[in-house]
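> How does the following fold in three dimensions:
(chains A and B)
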There are 2 protein chains.
Amino acid sequence: MIVLNPMVLEMKGQIDLEIHRLVAHPLLEEYPGLGEMLRFHFGWDGEGNGPDALGKRIRPLIVLLSCTAVGGNWNHALPAATGVELLHNFSLIHDDIEDGSPLRHGRATLWNKWGQALAINAGDALFTLAYAAIFDLNQTISPGAAQEAIRIFNETCIRLTGGQHLDIAFERERSISEGKYWQMIGGKTAALLSACARLGALIGGAPESQIEFFGNFGTKLGLSFQVQDDWLGLWGNLAETGKSSESDLVTGKKTLPVVFALEKNSSFAKRWRQGPILSHEVSELSHLLIEEGAQAYTEGQATRLTREALEALEMATGGSRSGAALKELAETLLKRSR
Amino acid sequence: MIVLNPMVLEMKGQIDLEIHRLVAHPLLEEYPGLGEMLRFHFGWDGEGNGPDALGKRIRPLIVLLSCTAVGGNWNHALPAATGVELLHNFSLIHDDIEDGSPLRHGRATLWNKWGQALAINAGDALFTLAYAAIFDLNQTISPGAAQEAIRIFNETCIRLTGGQHLDIAFERERSISEGKYWQMIGGKTAALLSACARLGALIGGAPESQIEFFGNFGTKLGLSFQVQDDWLGLWGNLAETGKSSESDLVTGKKTLPVVFALEKNSSFAKRWRQGPILSHEVSELSHLLIEEGAQAYTEGQATRLTREALEALEMATGGSRSGAALKELAETLLKRSR
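A predicted model of the protein is given here:
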């Protein structure tokens, strides 16, 4: 198990220290209510705080392990690792508002507890701290490399908001092509994972061509992850994910199983075209999707993308020992709750 | 009039070109709906677009005029000017959601036209573009100065979200002290104007002590501006501001006139304590505030802060000719619609 790897444990410890340091930013101390919201979000304070409420730190670990995989010193990459984790958490806060999700990891989301207005603003504060984190690269690497890393980070933010825009806008469209689906999840999920791998390799001193292989690995990993998330959103167990499994169908979200069924123009598609899905129909419709082959198709795509991710990693690391921990992390990520 | 100054006209032209360039970011082109929202927000497209819908570019002009006031080349400060204008506009998009404001400059706000989810996300995209803009300082000034400017920018974002947090949180409190009021507007309004003046002076090559004077000027200017905005929110004319003048009382916002009256524990305060103000009471209550001295007090504070802002500017520029345009801009800003 990846979590028993002593280097990974040390990395996680350092990432958490950095996140704590940034959330305790001296300027934030002047506005105590805001810091309280962020500490609640991170699972450190409030109802249901504790180990189960903490994130898995997958994205920052990809940064640090990509750095070590190319022979770099992961301590130099810590500001980037912290930045991507804060960015990810900012996006969770805003996504939960945008999707109207009342729970995350089985705990109240910020908007559910404090209202939308304060939650939007707390997300903005965290977005700012993400930038504060990545700017610290100026202390650990050369100015040129720091500028390039910050440029990657900034472009990733644009892709994130672009993908999220499509995700929300598509809810209102009757159907979308599978091509549009891949564009959407490429932005909302894969862009950040790709950036994590690229940032780690860049900071570790890898040449341009190798950085690109790392980016490929992150992209495929992200796509595979999102396809599995779509699977879990329909057929996963509420207790395992901490998220309601009916909301994706009810909100009209364009997940891969739905996009597949709509393109086939099946019985599911006929019902879908009649108007919004109601809660009591969710169970029947998710079974209908299985009968119509949407589950098998989704699993096939996840399997393909997982294979491609691992092949890209092989290309990125040349199969060297140093990439083993990264491979293990990717495999853990792609085997969750199935 | 400041707008007839040829240098200021050229500055505005360059600022607008830069904003257009950033909103046309190649990555955003991949998500056309998002760019459409931003172009609508800036008043370039959609219902009611045109000269009246454009912003006045006050903040970026403060950056550029502070730069020239210390003898700097304002072209070097353009990335910072663009960054603060995009940051200001990002905050307008989110503030309008947080305050539930349906109109701005007499036009629909983004959430009103596209819904909250897409509007939150469009604000996030603009926040990202603000950072993309300020990073371009690496192309115009030394790495050390660019890092310092980006640090100021980032800290300002934290203060902005801190002040906004207090603004929203205070709506739910029965009353707040005047001290808390100044802390709130110090974050939500004055921090950005202070940063504008400091950034301009820093990029223009001013020594530390002079940069601080510029910061003081911006802070006082911002406080004075917000106090006047509070005045306009209660007694201003809907047609002049493009904003409904009743919402501040109805939402329970802690504006200076209200804070003053609540501390006096007058008839207004008694009514306030009985529960939310209803629309039909707004006219009577705003007259009651005048009778109880809240209007005179607010005007007195605005006058004091305006004087202090102009004194700080005198200190910052040593009364030199080069500061004249900045003084004119400040005076224009502080004399609007009264």
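> Okay, helices next: where are they in the stretch 101-250 of chain A?
In the stretch 101-250 of chain A, the helices defined using DSSP state H, counting those that start in this stretch lie at A:110-114, A:116-135, A:137-140, A:143-171, A:178-185, A:191-203, A:208-235, A:238-241, A:247-250.
> what angle sits between the helix or strand following the last one and helix A:208-235?
Beyond helix A:247-250 on the C-terminal side, the first helix or strand identified by DSSP states H and E is helix A:256-264. On the basis of axes from the mean of the first three to the mean of the last three CA atoms, to 10 degrees, helix A:256-264 is oriented at 80 degrees to helix A:208-235.
> Let's have the helices of the stretch 101-250 of chain A in CSV, adding mean neighbour count, mean pLDDT and distance to residue B:189.
Every residue, glycine included, has its C-beta placed from N, CA and C. Below are these laid out as CSV (neighbours: other CB atoms under 10 Å in any protein chain shown; pLDDT from 0 to 100; distance: least, CB to CB, whole Å):
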stretch, mean neighbour count, mean pLDDT, distance to residue B:189
helix A:110-114, 20, 98, 23
helix A:116-135, 25, 98, 15
helix A:137-140, 18, 97, 30
helix A:143-171, 22, 97, 25
helix A:178-185, 18, 97, 37
helix A:191-203, 29, 98, 33
helix A:208-235, 23, 96, 39
helix A:238-241, 12, 57, 42
helix A:247-250, 20, 82, 38
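> For the spatially closest residue to residue A:247 that is not a sequence neighbour, give me the backbone phi and psi.
For residue A:247, ignoring the flanking residues on the chain, the nearest one in space by CB to CB, 6 or more residues apart in numbering or on different chains is residue A:101 at 6.9 Å. Torsion angles at residue A:101 (phi, psi; degrees, to the nearest 10) stand at phi -80, psi 120.
> What is the burial count for residue A:101?
17 (other CB atoms under 10 Å in any protein chain shown).
> was I right about it contacting residue A:110?
No: Residue A:101 is beyond contact range of residue A:110, at 10.6 Å (criterion: CB atoms under 8 Å).
> and stretch A:253-268 with chain B, contact?
No: judged by CB under 8 Å from any CB of the partner chain, stretch A:253-268 makes no contact with chain B; its nearest approach is 11.8 Å.
> Low-confidence ranges, the stretch 201-338 of chain A, go.
Filtered on pLDDT under 70, the stretch 201-338 of chain A yields the residue ranges A:237-246, A:336-338.
> tally of neighbours for the residue in it that chain B sits nearest to?
Scanning the stretch 201-338 of chain A for proximity to chain B using CB to the nearest CB identifies residue A:251 as nearest, at 10.2 Å. Neighbourhood size, residue A:251 [other CB under 10 Å]: 14.
> same deal with the one 10 residues further on?
When counting by other CB under 10 Å, one arrives at 24 neighbours for residue A:261.
> How about residue A:30?
With other CB under 10 Å as criterion, residue A:30 counts 17.
> Name the nearest residue to it, sequence neighbours excluded.
Nearest to residue A:30 is residue B:162, by CB to CB, 6+ apart, at 6.1 Å.
> ok now do that neighbour, which residues does it touch?
Residue B:162 makes contacts with A:27, A:28, A:30, A:31, A:34, A:125, B:187, as judged by CB atoms under 8 Å, 6 or more residues apart in numbering or on different chains.
> from those residues, which is closest to residue B:41?
Distances from residue B:41 to the contacts of residue B:162, taken as CB to CB, are shortest for residue A:125 (21.7 Å).
> pretty sure that closest one contacts residue A:38?
Yes: under the criterion of CB under 8 Å, residue A:125 makes contact with residue A:38 at 6.9 Å.
> Give the intersection of the neighbour lists for these two.
By CB under 8 Å, 6+ apart, residue A:125 and residue A:38 have these common neighbours: residue A:28.
> what's the neighbour count on residue A:291?
11.
> Contact residues of the stretch 151-300 of chain A facing chain B?
Residues of the stretch 151-300 of chain A lying near chain B by CB under 8 Å from any CB: A:151, A:154-155, A:157-166, A:168-169, A:183, A:187.
> What distance do you get for the nearest residue to residue A:27 once chain neighbours are set aside to residue A:124?
Nearest residue to residue A:27, sequence neighbours excluded (CB to CB, 6+ apart): residue B:158, at 4.6 Å. Counting by CB to CB, to the nearest Å, the gap from residue B:158 to residue A:124 is 10 Å.
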